[in-house]
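*Asks:* just to be clear, the model below is a prediction. Sequence and coordinates:
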Amino acid sequence: ALPLTHRDQGLGTLLSVADAYLEMGNLEVAERALTQAHSLPASAEDEVKIQRLWALYWQRSGQPEKALEAASQGLRGARQHGLDLAAAGCVLQLADLGRREGLLGARQTFALWECAREVALCDLWLAVEAISHDDPEPVARFLNHPEAANLLGAYRLAIQDVAHWCLLRGHFTAELQTLVSSQGLTLVEALLESSHVSVRLKALDLLASLQSPQARALLARQSSDRHGAVAQKSNWLLEASGSDLTLQVSLLGPFRLNYGTQTLDDEGFATRKTRSLFTYLMSRRGVMLPEEVLIDLFWEGGVTRGA
């Protein structure tokens with residue numbers, strides 16, 4: 001039975017009870033509250049609320065098909081009675097269940113009602129859909145939303161998919177650093193499990209930007225990564241995080257590179273061509289150079305197998 005204080009209560013109270021107990025994970029009490037609420041006269045808006053709560057109940061119960069059915073029924077009812085905000089809420093609920101249709105319209109409705117968190121959620125699901133088409137615009141819109149970081153706790157897996165795509169494609173690194181700066185350690189930890197070495201290497205930069213004891217502990221763990229480049233970069237970042245190390249390169253006069261107590265001069269390069277290539281790239285730092293340009297400059301006549 002329902003707790004004594006909630007027996008024979010009105011519809012509004014029963015819906016509040018069901019919502020609260022769903023949040024607490026007490027599905028038994030939530031189900032009883034919803035069953036009792038379902039037997040009472042209800043307005044069109046309350047009928048939509050009941051269906052949305054049933055959808056959440058079935059989702060938490062591990063029955064996604066029933067959850068989809070309830071959320072879809074709520075959406076039909078909301079649209080039938082012109083309840084735009086309630087319909088937008090149903091669209092978001094369906095998106096969470098994997099059916100991502102009508103999100104742009106829902107986003108417009110939430111923006112009109114100044115529901116910032118719901119707008120960010122629409123942007124998240126639109127970004128998740130966009131990465132399957134390599135479309136960066138919705139991804140950028142989500143990452144730049146002020147509420148994006150506040151969704152990390154509840155929607156980490158979806159945000160993880162978006163972040164993984166960004167690192168794999170080399171997009172929006174600065175935006176990702178902003179996203180993880182407050183509470184993104186768990187997200188970065190998941191990215192470091194990627195099978196793509198390039199993603200793990202870029203995730204290390206995100207990790208280094210966190211500058212916390214937990215981040216240092218994770219860096220230390222990555223120093224034993226199965227891939228040598230990841231392990232080496234982890235060690236470098238771990239060393240740098242404990243001191244004020246900067247990379248200094250002298251290109252005028254004798255070549256010299258200093259990093260902390262480590263020094264590299266001309267003799268540190270395997271060949272003179274390697275040193276010339278490094279010097280050229282450093283002098284044009286930040287400039288995108290096509291591979292063909294470098295080949296023409298340093299490998300006249302084409303690249304040989306040994307190059």
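*Replies:* The structure has been received and is ready for your questions.
*Asks:* which stretches of this protein form strands?
*Replies:* Secondary structure of the chain (DSSP state E): strands at 247-250, 256-259, 262-264.
*Asks:* so for the second one, mean pLDDT?
*Replies:* Average pLDDT, strand 256-259: 70.
*Asks:* that strand pairs with which strands?
*Replies:* Strand pairing for strand 256-259, determined by DSSP bridges: strand 247-250 (antiparallel), strand 262-264 (antiparallel).
*Asks:* what about G253, neighbour count?
*Replies:* By the criterion of other Cβ atoms under 10 Å, G253 has 6 neighbours. To be clear about C-beta, it is placed using only N, CA and C from the backbone, and glycine gets the same treatment.
*Asks:* how close does it sit to D266?
*Replies:* 11 Å (Cβ to Cβ, to the nearest Å).
*Asks:* again with E137
*Replies:* Relative to D266, and taking Cβ to Cβ, E137 is found at 47 Å.
*Asks:* what does G228 give?
*Replies:* Taking Cβ to Cβ as the measure, G228 falls 25 Å from D266.
*Asks:* pretty sure E189 contacts L218?
*Replies:* Yes. Between E189 and L218 there is a contact at 6.1 Å, judged by Cβ atoms under 8 Å.
*Asks:* of all the strands of the chain, which one comes closest to L238?
*Replies:* Checking these against L238 by Cβ to Cβ gives strand 256-259 as the closest, at 13.8 Å.
*Asks:* tell me the gap between that closest one and the middle of its chain.
*Replies:* 36 Å (Cα atoms, centre = their mean, to the nearest Å).
*Asks:* mind listing what's buried in that strand?
*Replies:* L257 (16 or more other Cβ atoms under 10 Å).
*Asks:* CA atoms of it as CSV?
*Replies:* Once non-C-alpha atoms are left out, strand 256-259 reads as follows in CSV (Å, rounded to 0.1, in the frame of the first residue of the first chain):
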residue,chain,number,x,y,z
ARG,A,256,68.8,23.9,-29.1
LEU,A,257,65.7,22.5,-27.6
ASN,A,258,65.2,22.6,-23.8
TYR,A,259,62.4,20.9,-21.8
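*Asks:* pull up the gap between the nearest residue to H171 once chain neighbours are set aside and R60, please.
*Replies:* The spatial neighbour of H171 that comes closest, neighbours along the chain excluded (Cβ to Cβ, 6 or more residues apart in numbering), is P136 at 5.6 Å. In this view, P136 and R60 are 34 Å apart by Cβ to Cβ.
*Asks:* again, but for Q80
*Replies:* Q80 is 27 Å from R60, by Cβ to Cβ.
*Asks:* out of P136 and R60, which sits in the busier spot?
*Replies:* Between P136 and R60, counted using other Cβ under 10 Å, the more crowded position is P136 (17 against 14).
*Asks:* who's in contact with the more buried one?
*Replies:* By Cβ atoms under 8 Å, 6 or more residues apart in numbering, P136 lies in contact with A130, R169, H171, F172.
*Asks:* export those to JSON lines and tack on pLDDT, distance to L34 and neighbour count?
*Replies:* Listed next are the contacts of P136 as JSON lines, based on pLDDT from 0 to 100; distance: Cβ to Cβ, whole Å; neighbours: other Cβ atoms under 10 Å:
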{"residue": "A130", "pLDDT": "97", "distance to L34": "35", "neighbour count": "20"}
{"residue": "R169", "pLDDT": "92", "distance to L34": "44", "neighbour count": "14"}
{"residue": "H171", "pLDDT": "91", "distance to L34": "43", "neighbour count": "16"}
{"residue": "F172", "pLDDT": "92", "distance to L34": "41", "neighbour count": "21"}
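*Asks:* what residues of stretch 89-103 count as buried?
*Replies:* Neighbour-count burial for stretch 89-103 [16+ other Cβ under 10 Å]: G89, C90, V91, L92, Q93, L94, A95, D96, L97, R100, G102, L103.
*Asks:* and it, average pLDDT?
*Replies:* 97.
*Asks:* any chance of a markdown table for the strands of the chain, columns distance to L27?
*Replies:* Shown next, in a markdown table, are those (distance: least, Cβ to Cβ, whole Å):
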| stretch | distance to L27 |
| --- | --- |
| strand 247-250 | 56 |
| strand 256-259 | 57 |
| strand 262-264 | 59 |
